[in-house]
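Got a predicted structure plus its sequence, pasted below:
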2 protein chains.
Amino acid sequence: MKRPTLIDVGIEAGVSAITVSRALREPEKVSESLRERIAKAIDKLGYVPNPAASSLASNRSSIIGVLVPSFSNYVFADVLSGANSVIEKTGYSIQIGNTGYDPLTEEAMIRKFVSLSPVGLIIAGVDQTETSRNMLETVDCPVVQIMDSTDDPVDVIVGFSNFEAAAASAQHMVDQGYRRIAFVGTRMDPRTQQRMAGFESVMRQHQIYDPALFITTPQKSSVEIGRHLLAGLLDKVPDCDGVFCNNDDVAVGIGLECQRRNLSVPKDFGICGFNDLGTTSQMNPAITSVYTPRVEIGERAAQYILDRAAGGPQPDIRNIDLGFTLKKRASTLRSEAI
Amino acid sequence: MKRPTLIDVGIEAGVSAITVSRALREPEKVSESLRERIAKAIDKLGYVPNPAASSLASNRSSIIGVLVPSFSNYVFADVLSGANSVIEKTGYSIQIGNTGYDPLTEEAMIRKFVSLSPVGLIIAGVDQTETSRNMLETVDCPVVQIMDSTDDPVDVIVGFSNFEAAAASAQHMVDQGYRRIAFVGTRMDPRTQQRMAGFESVMRQHQIYDPALFITTPQKSSVEIGRHLLAGLLDKVPDCDGVFCNNDDVAVGIGLECQRRNLSVPKDFGICGFNDLGTTSQMNPAITSVYTPRVEIGERAAQYILDRAAGGPQPDIRNIDLGFTLKKRASTLRSEAI
């Protein structure tokens, strides 16, 4: 079948194509029964009006570009979900790119997206290459960096401080009496590195910093890798009494491995995750984690682009910090457990 | 800053805009040192060529539309990831839509996407409304339905049989001696309903079908809801000796709740999940699940669209069934455990 035209709809409804066109443009000027007949014909044929002419005329696409480092990370699925909920009711559409945590892939994707004259761009982090930054600063549309915090965004940034969130978690574990706390980091992307720095600052402040307690891997986060990392950690540092994980999957894996080893949590070993993705709160015992406002970040970023597209100004506050919440649960509440 | 032009690049490199243009079109005709100077200027300014003219001329966008029912479901994140890996190196981009498991939202999204003259469309399932089906049958591009199996696809379908996968799981549990097996289903979208039908057919075949053992909820899958559903199930049917879950999150929640209740798995209670998302295999004990080829489905769907866009024919086999694999693990292997 060919894609149906106005003429086909007219034939189906028993009226001229001009009548169909008028009924679509000015429905209040035709009778209800005619409107219904035309609506039925449109549904039956699957007619879709062609908006090509108007978008060609404006020389501006209807796309909002969203560049994330991973599709298989729940965190970015949530961002996408938030952005989509704001955009789906508009005439705009989301075009996605996966940078794979690689600055040069990111650069290539920015080049591709900028060339499409987007309505706006949403991009994760602040760690773009100089070339990427130049492209983002000169593109003729709003640009929202997300999931981080900086005084020097390209345009605006919507996120939270990874450094502060990790520092708050580390301080909580110190307050609960843990002294040989390991940092377990996967992937080691720039935001994980900031979490590591926040953790390290608290360890140094309490004079319990020990580089042997930093376990990192370039592999991506998973429950399975969490199990393996705990095994390696305890081999290397047997007196380790807790972990701060850069990701909930890793924390869940460590929690399951503690079960297997009959390691008592939180008495002998404390566990803190990051992002509060859902499973942590259901574990035995429930695992402490840092809740990050991922859906809201996607929503706010999308709303900013819509506001600017509607003629709104660049705001005075360009670092929109939505904060985080440390969800204290049984896995670190040693003082209550004892 | 304004988006830089060819003229700006020329000024930066100390040559005319025409020279820059020629160096970009025919790099072999200019000296290496000039090429390098221009490349540096392009990087420094963040210059991006404007391809608007060519896309306007072809009256065809460069987008491949992907419509999925959820962004926060790992299954579709994997599909997206697979499709993206095939498409990212091409000049095409992925535009996404979230139908929210709602046929009318899906209809609206199809209308929006069709109006954009896409290169191809990927859409989950076969349960579109008549209007949606009409639009998909008349759109002037390849259409790939995914994650299901049918003899009557719009164009082609790439997926597996949800009915057969669930039936194979149910048969395995019967083989392991379970007789009071519950079906636990969340969301109850059409693919979950097919899983339920596959499960039911095996129960009827062995004359152990009991409607009391079917526990369903319109809520979306989560580890938390899995815990709650097990509690409700055991209250209602105390002699239940196992569950087949429509989703791994639910299976993990049930596994954690069994730990809490000291219910012996697999001896007193068998657990089978669906999709094999990773956590099931790491649980104590490891949970049986159905591996579904989600990444490959995304890849194959995208590759089909690229092949058709390059002039390839519609294939003879239009139902591309990639199958499934039942991963038998400790949570159901009762005959070995006893």
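Cool, got the structure. Being a predicted model, the structure only gives us computed values, none of them experimental.

First-to-last residue distance for stretch A:118-127?
21 Å (CA to CA, to the nearest Å).

now stretch A:319-328
27 Å.

show me what contacts A:Asp321?
Shown in contact with A:Asp321 (CB atoms under 8 Å, 6 or more residues apart in numbering or on different chains): A:Ser149, A:Gly159, A:Phe160, A:Ser161. (Each C-beta comes from the backbone N, C-alpha and C, glycine too.)

Next, count neighbours for the residue nearest to the third one when sequence neighbours are not counted.
Nearest residue to A:Phe160, sequence neighbours excluded (CB to CB, 6 or more residues apart in numbering or on different chains): A:Phe324, at 4.9 Å. Neighbour count for A:Phe324, taken as other CB atoms under 10 Å in any protein chain shown: 22.

Same check on the one 3 residues further on?
The local packing count at A:Lys327 equals 16, with neighbours defined by other CB under 10 Å.

Need the phi and psi values for it.
When quoted as degrees, to the nearest 10, the phi and psi of A:Lys327 stand at phi -90, psi 100.

Verify the contact between it and A:Tyr291 for me.
Yes: using CB atoms under 8 Å, A:Lys327 is in contact with A:Tyr291, at 5.4 Å.

Which residues are in contact with each of the two?
Common neighbours of A:Lys327 and A:Tyr291, using CB under 8 Å, 6+ apart, are A:Asp276.

if we can go back for a sec, ranking the contacts of A:Asp321 by neighbours, who comes first?
Neighbour max across these (other CB under 10 Å) = A:Gly159, 29 neighbours.

residues touching that one, list them.
Taking CB under 8 Å, 6+ apart as the test, what A:Gly159 contacts is A:Gln145, A:Ile146, A:Met147, A:Asp148, A:Ser149, A:Ile297, A:Ile320, A:Asp321, A:Leu322.

closest to A:Gly253 among those?
Of all the contacts of A:Gly159, A:Met147 has the smallest distance to A:Gly253: 22.8 Å, by CB to CB.

shaky segments in the stretch 151-300 of chain A?
Under the criterion pLDDT under 70, no range of the stretch 151-300 of chain A is flagged.

Run a quick neighbour tally on the nearest residue to A:Cys258 once chain neighbours are set aside.
With sequence-adjacent residues excluded and distances taken as CB to CB, 6+ apart, A:Cys258 is closest to A:Val265, at 5.2 Å. For A:Val265, the count of nearby residues is 23 (other CB under 10 Å).

Test my guess that A:Val265 contacts A:Ile254.
No: A:Val265 is not in contact with A:Ile254 according to CB under 8 Å; the separation is 9.1 Å.

shared neighbours of the two, anything?
Listed as contacting both A:Val265 and A:Ile254 by CB under 8 Å, 6+ apart are A:Ile271.

How about the contacts made by A:Val290?
Here A:Val290 is in contact with A:165-166, A:168-169, A:272-276, A:324-327 (CB under 8 Å, 6+ apart).

In the stretch 51-200 of chain A, what residue comes closest to chain B?
Closest residue of the stretch 51-200 of chain A to chain B, CB to the nearest CB: A:Asn134 (2.8 Å).

Break chain A down into its domains, please.
Taking automatic domain parsing as the criterion, chain A consists of the domains A:6-49, A:60-160+A:294-322, A:162-291.

Between its first and last residues, what's the separation in the last one?
Taking CA to CA as the measure, domain A:162-291 stretches 11 Å from start to finish.

next one: it to chain centre, how far?
Centre-to-centre, domain A:162-291 and its host chain are 21 Å apart (CA atoms, centre = their mean, to the nearest Å).

what's the answer for the shortest one, then?
A distance of 42 Å separates the centroid of the chain from that of domain A:6-49, by CA atoms, centre = their mean.

Could you work out the end-to-end span of that domain for me?
8 Å.

can you give me the strands for the stretch 1-150 of chain A?
Secondary structure of the stretch 1-150 of chain A (DSSP state E, counting those that start in this stretch): strands located at A:63-68, A:93-98, A:120-124, A:143-146.

partners of the third one, with directions?
Same thing as strand A:120-124. strand A:63-68 (parallel), strand A:143-146 (parallel) (DSSP bridges).

nearest residue to A:Asn84 other than its sequence neighbours?
B:Asn98 (4.9 Å).

now do A:Gln314
With sequence-adjacent residues excluded and distances taken as CB to CB, 6+ apart, A:Gln314 is closest to A:Asp155, at 6.8 Å.

Near the closest residue in space to A:Ser85 that isn't next to it in sequence, how many other residues are there?
Nearest residue to A:Ser85, sequence neighbours excluded (CB to CB, 6+ apart): A:Glu299, at 6.4 Å. Residues near A:Glu299, counting by other CB under 10 Å, number 20.

And for the one 10 residues further on?
Counted by other CB under 10 Å, the residues lying close to A:Ala309 total 17.

which residues sit in contact with it?
Listed by CB under 8 Å, 6+ apart, the contact partners of A:Ala309 are A:Tyr92, A:Val119, A:Gly120, A:Pro142.

which of the residues you listed lies closest to B:Phe214?
The closest of these to B:Phe214 turns out to be A:Tyr92 (CB to CB; 41.8 Å).

got the phi/psi numbers for that closest one?
Per-residue torsions, A:Tyr92: phi -90, psi 160 (degrees, to the nearest 10).

Touching, it and A:Gly65? I think so.
No: taking contacts as CB under 8 Å, A:Tyr92 lies outside contact range of A:Gly65: 10.6 Å.

For the two, indicate the residue with more neighbours.
Regarding A:Tyr92 and A:Gly65, a neighbour count based on other CB under 10 Å identifies A:Gly65 as having more, with 27 against 21.

List the contacts of the nearest residue to that one once chain neighbours are set aside.
Using CB to CB, 6+ apart and skipping the chain neighbours, the partner closest in space to A:Gly65 is A:Phe113 (4.1 Å). Going by CB under 8 Å, 6+ apart, A:Phe113 touches A:Gly65, A:Leu67, A:Gln95, A:Gly97, A:Leu121, B:Ser93.

Wait, the third one touches A:Pro118, no?
Yes: between A:Gln95 and A:Pro118 there is a contact under CB under 8 Å: 7.3 Å.

Can you pull the residues that touch both of the two?
Contact with both A:Gln95 and A:Pro118 is made by residues A:Ile63, A:Ile64, A:Gly65, according to CB under 8 Å, 6+ apart.

what about the helices in chain A?
Applying DSSP state H to chain A gives helices spanning A:6-13, A:17-25, A:32-45, A:52-58, A:74-87, A:103-114, A:130-138, A:162-175, A:190-205, A:223-236, A:248-260, A:294-309, A:334-337.

Which of those has the highest mean neighbour count?
helix A:248-260 (a mean of 25; mean count of other CB atoms under 10 Å in any protein chain shown).

Could you name the helices and strands sitting against it?
The contact analysis (3 or more CB pairs under 8 Å, 6 or more residues apart in numbering or on different chains; DSSP states H and E) places helix A:248-260 against strand A:181-186, helix A:223-236, strand A:242-245, strand A:270-272.

Can you check which of the ones you listed gets nearest to chain B?
Short answer: helix A:223-236, nearest of the helices and strands packed on helix A:248-260 by CB to the nearest CB, at 4.4 Å.

got the angle for that closest one vs helix A:248-260?
Here helix A:223-236 runs at an angle of 60 degrees relative to helix A:248-260 (axes from the mean of the first three to the mean of the last three CA atoms, to 10 degrees).
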